[in-house]
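K.L.:
missing the sequence, but the structure's below:
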C-alpha cells in the first residue's frame, strides 16, 4: 500500500530524524517513575523536567539528538494534553458546587491578569509575562507549551518560564500542606487550596497525598477544573495577539483554538458521556502520563542555566510574585467561600 504523498514527503523524514533523540528521551522517561516510587513527594513530571535540564546543561543533547527532544516537547506534548481531557468529567466539575468553581475561576483570572501586570511593572517583555501567567494560572509547563505558539517568545523566555513554574511548584508541595494544617483548614478547604494553587497534576497529587486522602479527591478535581480553562486562555490569547504574533510564512493567522486543544475538549465530552470502559480510560491515563513525562524531558532540555542568567533576576521576582498571587488569592477565596 502506498503512503499518501504528504506522509512520505514530510512526516516520515521528521520521524526518522527524531528516532535517536526519542530513544534517549524514552530512557530518561523510564527513570522518572522509579524516582517517584522511591520518593513519593517528588512527582514524575518534576523528575522528567529535571532530567531534561540535566542532560541539556551537560551538553549531551547533540545536533543528532535535538530533533527527537523537540519532537517530544511539541508533538508528544500535544497528544498528552488531548488524552488529559479523559481525566475530567463535567459531572465531577458539577459535583464540586458553584462556590468551588467560583474559587477556581477567581484564582485563574486574578493570577493570569495580575502576573502580566507585575511583569510590565518589572520591565519584562509581554511574551515572557504571558508565558509565566499562563503557567502559574493553569497547569505549569504544559500550559506554557500550549500557548507558546501564539507568542513571539524567545527560546530563553520559554526556558525561564518552565524553570520558574517547576521551581515554585516544587516549593508548593512542601510548604502548602503544613501551612494548611497551621491555619486549621478542613480537608475540603485544604484540597481546594492545593488544587487551585499548585501547577501540574503530579504536583497536586504529591501535595494532597501529604495532606491526606480527604484532601486528595477534592484537590485533583479542582486541579482538572483549572486545566479545563486552558482552552479559554488560548482562545483569548489568540484573539488579542493574532494581528502581531504567530503568523505563518504563508501570511495566514493561526486558528482560534489549536487542534490539540479542540481534542482536549472532545475528550472531556467523551469522558462525560461515560461511553468508555474503565479499562480503556486507565490505559489512556497511563499513556498520557508517559507522553507528558517524555514531553517534559524535551522541554526541560531547553532550560539552560546560561539562558536563565542572561535574563537576569527580574524573571525570578516575577515567578515568586506570581506564586504569591496564585497561593494568596486561592487561599483567601477558599477561606471566605468554603
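P.N.:
All right, it came through fine. Please read these numbers as outputs of a predicted model, since none were measured by experiment. Numbering: from 1, shown residues only.

K.L.:
Could you tell me how many residues sit around the nearest residue to residue 327 once chain neighbours are set aside?
P.N.:
With sequence-adjacent residues excluded and distances taken as Cβ to Cβ, 6 or more residues apart in numbering, residue 327 is closest to residue 197, at 4.7 Å. No exception for glycine: its C-beta is placed from N, CA and C like everyone else's. The tally of other residues near residue 197 (other Cβ atoms under 10 Å) stands at 29.

K.L.:
Now for residue 197: which residues touch it?
P.N.:
By Cβ atoms under 8 Å, 6 or more residues apart in numbering, the residues touching residue 197 are 107, 172, 176, 326, 327, 330, 331.

K.L.:
Of those, which one scores lowest on pLDDT?
P.N.:
Within the contacts of residue 197, residue 172 has the lowest pLDDT, namely 91.

K.L.:
Just the pLDDT for the spatially closest residue to residue 73 that is not a sequence neighbour.
P.N.:
What sits nearest to residue 73 in space, not counting adjacent residues and going by Cβ to Cβ, 6+ apart, is residue 298, at 3.2 Å. On pLDDT, residue 298 comes in at 92.

K.L.:
My read is that residue 298 contacts residue 72, right?
P.N.:
Yes - shown here, residue 298 and residue 72 form a contact pair, counting by Cβ atoms under 8 Å, at 3.5 Å.

K.L.:
Spit out the residues that contact those two alike.
P.N.:
In contact with both residue 298 and residue 72: residue 25, using Cβ under 8 Å, 6+ apart.

K.L.:
tell me what the helix or strand harbouring residue 23 is packed against?
P.N.:
Element membership of residue 23 [criterion: DSSP states H and E] is helix 12-38. Applying 3 or more Cβ pairs under 8 Å, 6 or more residues apart in numbering; DSSP states H and E, we find helix 12-38 packed against helix 44-57, helix 66-71, helix 278-300.

K.L.:
got the buried residues for it?
P.N.:
17, 18, 21, 22, 24, 25, 28, 29, 32, 35, 36 (16 or more other Cβ atoms under 10 Å).

K.L.:
and the fifth one, what is it in contact with?
P.N.:
Residue 24 sits next to 55, 65, 68, 69 when contact means Cβ under 8 Å, 6+ apart.
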